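Enquirer: Mind folding the following:
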Amino acid sequence: MESQVRPATSDDAAAISRVIIAALRESNSRDYPPDVIAQVEENFTPEAVSALLVKRTVFVAVLQGSLIATASLDGHVVRSVFVDPAHQGSGTGRQLMEVIHVAAANAQINAVRVPSSITAQGFYARLGYLKIRDEHHGSERTVVMEKQLGD
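Expert: This is a model prediction of the structure:
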């Protein structure tokens, strides 16, 4: 069954936070040490997510009434793409990214970038993103990737 993607609302903040923290702890923890996971988690409390909802274009995927994934667009930068670990590999992430790409194209954005975790680098590569560079924020390594839109 395919999930339904819709714009996030302020009522989604706690559920978005839960999905992100679950993905960080279960999936990203394979590639990052506990101190990095804990530091990143601080950016995704329900209160922090509420603040992001005002600053970014945020989408969520809902399946049978439960929020199972989120992704956002901040100008030309894709941010905070997380899928509940129980639903990873189901196509939900790809479905959300299609919506993000359409939103970017509608905003006349020709290329999008994503600061990818090591964990998600392969996912973005399969969607046509190319690695630009590595960035290090303390002991956290991210991979900046870019995808051309259109044509």
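Enquirer: And Gln108, how close does it get to Leu149?
Expert: Relative to Leu149, Gln108 is positioned 10 Å away (criterion: CB to CB, to the nearest Å). (C-beta placed from N, C-alpha, C; glycine too.)
Enquirer: nope, Asp12 is what I meant
Expert: Relative to Leu149, Asp12 is positioned 26 Å away (CB to CB).
Enquirer: Gln108 and Leu149 - which one has more neighbours?
Expert: Just comparing Gln108 and Leu149: by other CB atoms under 10 Å the higher neighbour count belongs to Leu149, 15 against 8.
Enquirer: For the more buried one, grab phi and psi.
Expert: When read as degrees, to the nearest 10, the backbone of Leu149 gives phi -100, psi 160.
Enquirer: Find me the pLDDT at it, would you?
Expert: If you check Leu149, the pLDDT there is 95.
Enquirer: pretty sure it is touching Ala104, no?
Expert: Yes. Counting by CB atoms under 8 Å, Ala104 is a contact partner of Leu149 at 6.0 Å.
Enquirer: shared neighbours, these two?
Expert: When contacts are counted by CB atoms under 8 Å, 6 or more residues apart in numbering, the set common to Leu149 and Ala104 consists of Val112.
Enquirer: can you give me the helices in the chain?
Expert: 13-26, 34-41, 46-55, 92-106, 121-126 (DSSP state H).
Enquirer: what's the pLDDT at Ser139?
Expert: Ser139 carries a pLDDT score of 67 in this model.
Enquirer: For Asp12, give me its contacts.
Expert: So, once contact is read as CB under 8 Å, 6+ apart, Asp12 ends up touching Leu53, Val58, Val60, Leu67, Thr70.
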